[in-house]
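**Student:** Build the 3D model from these lines:
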Amino acid sequence: MKRLTGRVLSLALACGMVFAAGTASADGWLRSIPEFELTDQLGEVHTLDTYQDHEYVVFYVQGVGCPIARLALPNYRAVREQFAPRNIAFAMFNSNIQDDLPRIAREADEFGIDFPIMKDQDQALAKALGVERTAEVFIVDPRTRDVLYRGPINDQLGYETQRNEAREHYLIDALNTVLAGGEVNMDDIPDSKGCLVAIF
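**Tutor:** Modelled structure (predicted):
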């Protein structure tokens, strides 16, 4: 998965976003997800066992106030509508230090976020997965804990641009691949666009 370079763009500034440089292969990029016990904005507790009866679970990195994370919501919801009937679960987690559960709940109410948003209070989940930006998604096998995909939902949103329609549907393609028993070629997946998640 390639890294992007160097100049800060206007939406990047709004998000607190910075490009990173260089390239990276899938080796070490896809990590296993650790066991966790996290509470969402409705007070529900989630663990990997919560998702044991699902084929896979998709996690979305949410951040309060991030424009890209908000704009990508309809795309994430559309993927859920397509794949939830195929026994795929969809959830979110928030690893921003400044975002507590009441703040997350207000964001969910204001923007109609109808997904559970788990609070990664100590950033253990983000650190284990190597999270850097909001609006990134992870496909996880809840039984093996393997991460089978990480990256953007599609190519509709950029830092200065927004296409009317996506041309590449990375998450949909990845879900179809893993459901068919295949392996996602991470070398073909660009970096996610989103706001910086500061890891401490």
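
**Student:** How many neighbouring residues does the nearest residue to Arg77 once chain neighbours are set aside have?
**Tutor:** Distances taken as Cβ to Cβ, 6 or more residues apart in numbering put Asp114 closest to Arg77, at 7.6 Å, once the chain neighbours are dropped. Using the backbone N, CA and C atoms, a C-beta is placed for each residue, glycine as well. Asp114 has 10 neighbours, counted by other Cβ atoms under 10 Å.

**Student:** separation between Asp114 and Val184?
**Tutor:** Counting by Cβ to Cβ, to the nearest Å, the gap from Asp114 to Val184 is 27 Å.

**Student:** likewise Arg167?
**Tutor:** Taking Cβ to Cβ, one finds Arg167 at 18 Å from Val184.

**Student:** Pick out whichever of those two has more residues nearby.
**Tutor:** Neighbour totals were compared for Arg167 and Val184, and Val184 leads with 21 against 8 (other Cβ under 10 Å).

**Student:** what's the burial count for the spatially closest residue to Glu55 that is not a sequence neighbour?
**Tutor:** Using Cβ to Cβ, 6+ apart and skipping the chain neighbours, the partner closest in space to Glu55 is Asn87 (4.7 Å). Under the neighbour criterion other Cβ under 10 Å, Asn87 is assigned a count of 11.

**Student:** With the one 4 residues further on instead?
**Tutor:** One way to gauge burial is a neighbour count; for Ala91, by other Cβ under 10 Å, it gives 20.

**Student:** so is it in a helix, a strand, or just coil?
**Tutor:** Following DSSP: H, G, I helix; E, B strand; the rest coil, we place Ala91 in the strand state.

**Student:** From Tyr60, how far off is the closest residue to it other than its chain neighbours?
**Tutor:** In this structure, Ala91 finds its nearest non-sequential neighbour in Pro116, 4.9 Å apart by Cβ to Cβ, 6+ apart. Using Cβ to Cβ, Pro116 is found at 10 Å from Tyr60.
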